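Asks: what's the 3D shape of this:
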Amino acid sequence: MKRSLTLMIILGLVGAIQAGQPSAQDIVAKSDSVINAPKDQKAIMTMILIDKKGNRKRREAVFMQKGDDRRILRFTKPADQKGIAFLALPGDVQYLYMPAFHKVRRIASHIKNTKFAGTDFTYDDMSTSRLAENYNARLLQEDDQFWILKLVPKPGVKKDYGHLKLWVRKDNYYQVKIEFYDRAGNLWKVMERRQVVKIGKYWYAREMEMRDLKEEHATIMQSKDVQFDLGLSNKLFTRRYLRRAK
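Replies: Coordinates of the predicted model:
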């Protein structure tokens, strides 16, 4: 009788602890909402491309996002990249504008795993950040600072990655690191968000790096002049604007 009572007490305590702990899927969904919290945002991005010999190329771009499903990036420097632009829209629809050809073309699903304009970000990486929508999550481990989760593509979701490993800060639910593994289980790329600060009521990473371990190449994105909740029009996130914007 005493053993049964003790077991019931232990199970009750475990249940209480688990009830206070968010599920892995809830953690990812909450972290998505923190990344995409601003109604809209605009920033100047400096991209630094680093090859395996340490050679660096610099590019500058204007970046805008509205909600969690509209995003546009347009290069402004150097001259040979100026005007190249990428647009992501609801429904995982993506477009690329190449000023040399004066054409806007839709990015086909079978090439979304290719790199965008020589960076280490694929077209799929450049799409809006909604991991919980596309991946099932499982908690691997945690400490005082982070939840560390394994993310596997949901059935029917086509991804070039076999799985992801995600670090989420416990104090603010911000995604600070993602490891990307290929379908054979080998570590392929690592993305880190650094210089995480609170601007007004939003958490934001002033620097992000994507490292391709297979090609020994990296892309660092540094942002400045960050602005939130500007009331950006949907007209800015259209094929017409992609062609006409400066």
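
Asks: so what's Arg59 bridging to?
Replies: Met47 (DSSP bridges).

Asks: could you check how far it is from Arg71?
Replies: As judged by CB to CB, to the nearest Å, Arg59 and Arg71 stand 17 Å apart. (Glycine included, C-beta is placed from N, CA and C.)

Asks: same thing with Asn36?
Replies: Applying CB to CB to Asn36 and Arg71 gives a distance of 10 Å.

Asks: those two: which has the busier surroundings?
Replies: Arg71 (21 against 17; other CB atoms under 10 Å).

Asks: so where's this protein uncertain?
Replies: Along the chain, the model assigns pLDDT under 70 to residues 1-19, 128-129, 245-246.

Asks: any idea where the strands of it begin and end?
Replies: Using DSSP state E, the strands of the chain run over 40-50, 56-66, 70-77, 85-89, 93-98, 103-106, 135-142, 146-153, 163-169, 175-181, 187-199, 202-212, 217-228.

Asks: relative to strand 85-89, how tilted is the second one?
Replies: On the basis of axes from the mean of the first three to the mean of the last three CA atoms, to 10 degrees, strand 56-66 is oriented at 30 degrees to strand 85-89.

Asks: contacts for strand 56-66, please.
Replies: 36, 38-50, 71-78, 81, 128, 223, 232, 234, 236-237 (CB atoms under 8 Å, 6 or more residues apart in numbering).

Asks: buried residues in that strand?
Replies: Neighbour counts over strand 56-66 (16 or more other CB atoms under 10 Å) mark Arg59, Glu60, Ala61, Val62, Phe63, Met64, Gln65, Lys66 as buried.

Asks: alpha carbons of it, as PDB, please.
Replies: Presented in PDB, the C-alpha positions along strand 56-66 are these (Å, rounded to 0.1, in the frame of the first residue of the first chain):
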ATOM      1  CA  ARG A  56      36.500  38.200 -48.900                       C
ATOM      2  CA  LYS A  57      33.900  39.800 -51.100                       C
ATOM      3  CA  ARG A  58      31.500  42.400 -49.800                       C
ATOM      4  CA  ARG A  59      28.000  43.100 -51.000                       C
ATOM      5  CA  GLU A  60      25.300  45.400 -49.700                       C
ATOM      6  CA  ALA A  61      21.500  44.900 -49.900                       C
ATOM      7  CA  VAL A  62      18.200  46.400 -48.800                       C
ATOM      8  CA  PHE A  63      16.100  43.900 -46.900                       C
ATOM      9  CA  MET A  64      12.300  44.200 -46.100                       C
ATOM     10  CA  GLN A  65       9.900  41.700 -44.500                       C
ATOM     11  CA  LYS A  66       6.200  41.900 -43.700                       C
END
